[in-house]
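1. After the sequence you'll find the predicted model.
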Amino acid sequence: MEDAKEAKARAIVQRLREHGFAAYLAGGCVRDRLLGVRAKDFDIATDARPEVVQTLFANTIPVGAKFGVVVVLIDDDPFEVATFRADAPYLDGRRPSAVHFGTLEADAVRRDFTIGGMYYDPAAARVIDLVGGQRDLRAGVIRAIGDPRQRFAEDRLRMLRAIRFAARLDFVIEPATMDAIRRAAPAITEVSAERIGDELVMILTEGNAARGMELLRQSGLMRPLLPEVEALIGCEQPPNYHPEGDVYRHTMLALSMLEYGCSETLAFGLLFHDIAKPRTREVRGGKTTFYGHTELGAEMATDVLQRLRRSRFIQARVAYLVHYHLRLGDAHRMRPSTLKRMLAEEGFEELLSLARLDALASSSYLGFYHFCRRAMLSHAPEQLRPPRLIGGNDLIAMGFQPGPEFKTILKEVEDLQLDGELHDREAALAWVRRHYQPAAGS
Ligand code: ATP
Ligand code: MG
């Protein structure tokens, strides 16, 4: 497990100790060490004050010196070195009203969950566990440190953190902790949309996304955060296409196949791919339809992502995925130029992944997927996006007036080029001469 980053973190601990301070690895990296998984990052807790930490290391950034956090850079790797803290009362449910520096004991009990409230002394290879973290880690339990109701009142974001850890680690949330989340769930809206968005992304992309969504629903957090997803529950669809059940069950089944580390856009795309089904559902003559659900779904997805303050790129990509997720079924009927244009679209690979998971969560018919993959493999990039044979200047030279017709002509030439019917410039010019004439008098 020893990796380069861990060695650097140990060196930081070592240096603090050489100067007479207490120092430990703390929080998530201790949990991950006990689980035998590689930690994302290594945090250090110490009794040295931030000003002192800054003098002991050559390269530091006082990111949160007020809160006792200094980032120490070793080569280019950042490490958070935090002075033991004892938080003063929370006034607004978000940030402590003041920070007091304290002891390791006080630092441990201001952390949110037992499994993230442990310390590790690298020199002695010893875990310091004052909160029952090892017991809960063995049992697979997320448990708030101290009184759960109070802890979620202090910081509402912790509700989402509990769900994120339970989903990622496949742990259960201890009953009193879950009960406290249920009571406080409506107050989640006190947290900024950005931070909610960041947590949701982590819940969706760290594996076990379906369990994460289920926990959101069970805890009452889905209603205030993602009411559009909750509305999928009970939205019935034709069983011949969807033996798995309603739109919610279908979506959860699809999410359950997302892998650890998948992109945010694929995850949101899958979560929202059928988001407009409840609003477009119609039953006529015993037939259930959802006409226009992909277009409306793209709009709805954009709205949700805007609400969560995700970037414009994320919004646009997810809207693309939702809008076109059913188009691949027609791939084998497309004219070559249409197919090639689709294969060359930015985001197409992701669209293909999404459509595959969508299919696996219902009919499991994957013919279109293999067809598209084969098509991608059999076309070199320069075949999908070949240099244009002719341009606007050629049309002007032929006596055409610049105008809307230009686009039509050039698109037709490009279609024929992609269809494999026009191969060079001369042929393209001859084709234009045969099919179009410059307006008289020009
Ligand atoms: P990850 O592997 O996702 O980074 P982590 O446990 O390291 O998980 P971080 O968000 O990196 O989580 O926070 C580091 C540590 O700081 C946590 O383990 C926890 O002890 C403490 N902590 C972080 N956020 C809070 C919070 N909102 N309330 C209380 N303690 C917190
Ligand atoms: Mg961490």
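-> Now that the structure is in, tell me what you want to look at. Ligands and ions are numbered 1, 2, ... in the order given.
2. rest of the way, CA atoms for contacts and neighbours
-> Noted.
3. which residue sits closest to the closest residue to ligand 1 within the stretch 151-300 of the chain, ignoring its sequence neighbours?
-> Nearest residue of the stretch 151-300 of the chain to ligand 1 (CA to the nearest ligand atom) works out as residue 158 at 5.3 Å. What sits nearest to residue 158 in space, not counting adjacent residues and going by CA to CA, 6 or more residues apart in numbering, is residue 152, at 6.2 Å.
4. in the helix or strand where the one you found lies, what's buried?
-> Residue 152 is part of helix 148-154, with elements assigned from DSSP states H and E. Using 16 or more other CA atoms under 10 Å as the test for burial, helix 148-154 gives 148-149, 151-154.
5. Also stretch 30-39?
-> 30-32, 39.
6. How many neighbouring residues does residue 106 have?
-> 15 (other CA atoms under 10 Å).
7. Could you verify my assumption that it touches residue 86?
-> Yes. Applying CA atoms under 8 Å, one finds residue 106 in contact with residue 86, separated by 5.3 Å.
8. Please list all residues in contact with the residue of the stretch 301-442 of the chain found nearest ligand 1.
-> Closest residue of the stretch 301-442 of the chain to ligand 1, CA to the nearest ligand atom: residue 308 (18.7 Å). Taking CA atoms under 8 Å, 6 or more residues apart in numbering, we find residue 308 in contact with 193-194, 196-197.
9. what do you get for residue 203?
-> 163-164, 167-168, 209, 212-213.
10. Let me know the closest of those residues to residue 352.
-> residue 209 (19.3 Å; CA to CA).
11. how many other residues sit next to that closest one?
-> So residue 209, with other CA under 10 Å, has 29 neighbours.
12. Residue ranges of each domain in this structure, please.
-> 1-139, 146-225, 227-384, 392-435 (automatic domain parsing).
13. deepest of those domains, which one?
-> Burial of these is given as mean neighbour count (mean count of other CA atoms under 10 Å); domain 146-225 ranks first at a mean of 20.
14. how far is it from where the chain is centred?
-> The chain centroid and the centroid of domain 146-225 are separated by 16 Å under CA atoms, centre = their mean, to the nearest Å.
15. and that domain, how far apart are its ends?
-> 26 Å (CA to CA, to the nearest Å).
16. Repeat that for stretch 385-402.
-> Note: stretch 385-402 ends 25 Å apart using CA to CA.
17. For the stretch 51-200 of the chain, which residues are neighbours of ligand 1?
-> Within the stretch 51-200 of the chain, the positions near ligand 1 by CA under 6 Å from any ligand atom are 110-112, 116-117, 158.
18. Now intersect those residues with the helices, please.
-> Using DSSP state H, the subset of those located in helices is residue 158.
19. can I get the residues of the stretch 51-200 of the chain next to ligand 1 in TSV with pLDDT and distance to residue 62?
-> Shown next, in TSV, are those (pLDDT from 0 to 100; distance: CA to CA, whole Å):
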residue	pLDDT	distance to residue 62
110	93	21
111	96	21
112	97	24
116	98	24
117	98	23
158	98	25
